[in-house]
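In: this is a predicted model, with the sequence first.
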Amino acid sequence: MRALLFTPITFRELTLKNRIVMSPMNMYASDESGAANDWHKLHYASRAVGQTGLIIVEATAVAPEGRVTKRDLGIWEEGHIEAFRQVTEAVRAQGAAIGIQLAHAGRKANVDLPLAAPSAIPFSDESKVPEALSEPDIRRLAGIYGAAARRARLAGFDVIEIHAAHGYLIHEFLSPVSNKREDAYGGSRDGRFRFLGEVVEAIRAEWSGPLFVRISANEYHPEGNTLDDYTYYAARLRAAGVDLIDVSTGGLIPFVPEVYPGYQVPYADHIRREAGIPAGAVGLITEPEQAQRIMEETHVDLILIGRELLRDPYWPRRAARRLGAELKAPASYQRAWEV
């Protein structure tokens, strides 16, 4: 059995040594400054020691009002660059690539600042009503994403992922459930895509490396976008210079779907085949044999592991042993790993 999970893959000039990716997961470990600290350096570098191929840093706010909580990471000012550089250097020193997920929480932000959204529609009956953004404010926000990409480049990241899922600001623009605008940023699916398209353009003006986009391919709402809509969006993103679609689901409305191992994989497989763009699969992928089977039976390119990598930073070693793959141990661990 060839362990596809441990084959390299290249995006632009970056080659990942395997297909195992640490999915971005909010850690709530910063303070109100939004800066990375020693905890982040230890947390992410330990997964690099464990031989994860690509580590994507948690949702990082491009603006103070775009944080989910006051303890989220941020990249909205120059002062954030040096702290992130320490994280990227620590990770790359252990042989892994490192990415950052750029995010704005939109109407789901939980900070003492006005909420921004495409339309003045709250997330839930208990949520604050957001302010509908003006067209100049929307264009300004696209530029803010571009500035964040420049900082990410200066901080030494290898990959940027745009967070366009889970009911946050860009997702709110994409969905007809949360976007009731009648101007150029609403109405048709092309209008609803306009903001994301402008964000990609602004980032590409500052960033030549691999660019991923995370989407929610099922909105779990009868009036929401369909998988066909997201396949269309994925094809547009491919044409705009995006390198991979990271396929998740949900988050737009306060609804919890039935979940089971690999429940989101079919969406990634469909988008990979129909839109012709590389795709990553995520969602209750915990066992090495399960990950290998996904690689063998679908067209997905990356396997994103979330909570299992929180439980076991050395999951790649466990996977290699069970799949019969060769995995080079860190020099300091060699005697223990080769037992």
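Out: Yep, it's here.
In: give me the contacts around the lowest-mean-pLDDT helix or strand in the chain.
Out: Within the chain, no helix or strand scores below helix 334-337, which has a mean of 88 by mean pLDDT, DSSP states H and E. Helix 334-337 is contacted by residues 317, 327, 329-330 when judged by CB atoms under 8 Å, 6 or more residues apart in numbering. For every residue, glycine as well, the C-beta is placed using N, CA and C.
In: restricted to strands, list those residues.
Out: Using DSSP state E, no member of those sits in strands.
In: related to what we said a few turns ago, in the least confident helix or strand of the chain, what's buried?
Out: For helix 334-337, a neighbour-count test (16 or more other CB atoms under 10 Å) marks residue 337 as buried.
In: before we move on, what about stretch 291-303?
Out: 291-292, 294-295, 298, 300-303.
In: which strands and helices sit next to the helix or strand hosting residue 83?
Out: With secondary structure defined by DSSP states H and E, residue 83 is part of helix 80-92. Counting contacts by 3 or more CB pairs under 8 Å, 6 or more residues apart in numbering; DSSP states H and E, helix 80-92 packs against helix 38-49, strand 54-61, strand 97-103, helix 135-155.
In: hang on, the earlier thing: from the contacts of helix 334-337, which ones fall inside helices?
Out: residue 317 (DSSP state H).
In: ok, the nearest residue to residue 230 once chain neighbours are set aside to residue 201 distance?
Out: Closest residue in space to residue 230, ignoring its immediate chain neighbours: residue 217 at 4.7 Å, by CB to CB, 6 or more residues apart in numbering. Counting by CB to CB, to the nearest Å, the gap between residue 217 and residue 201 amounts to 23 Å.
In: between these two, who's got more neighbours?
Out: Between residue 217 and residue 201, residue 217 has the larger neighbour count (other CB atoms under 10 Å), namely 25 against 14.
In: dump the residue contacts of that one.
Out: Residue 217 touches 227, 230, 247-249, 264, 267-268, 270-271, counting by CB under 8 Å, 6+ apart.
In: narrow those to those in helices?
Out: 227, 230, 267-268, 270-271.
In: count of residues packed around the residue nearest to residue 117 when sequence neighbours are not counted?
Out: The shortest distance from residue 117 to any residue other than its chain neighbours is 3.7 Å, reached at residue 130 (CB to CB, 6+ apart). By other CB under 10 Å, the residues close to residue 130 number 23.
In: go on, residue 81?
Out: 18.
In: also the one 4 residues further on?
Out: As a burial measure, the neighbour count of residue 85 was computed by other CB under 10 Å and equals 15.
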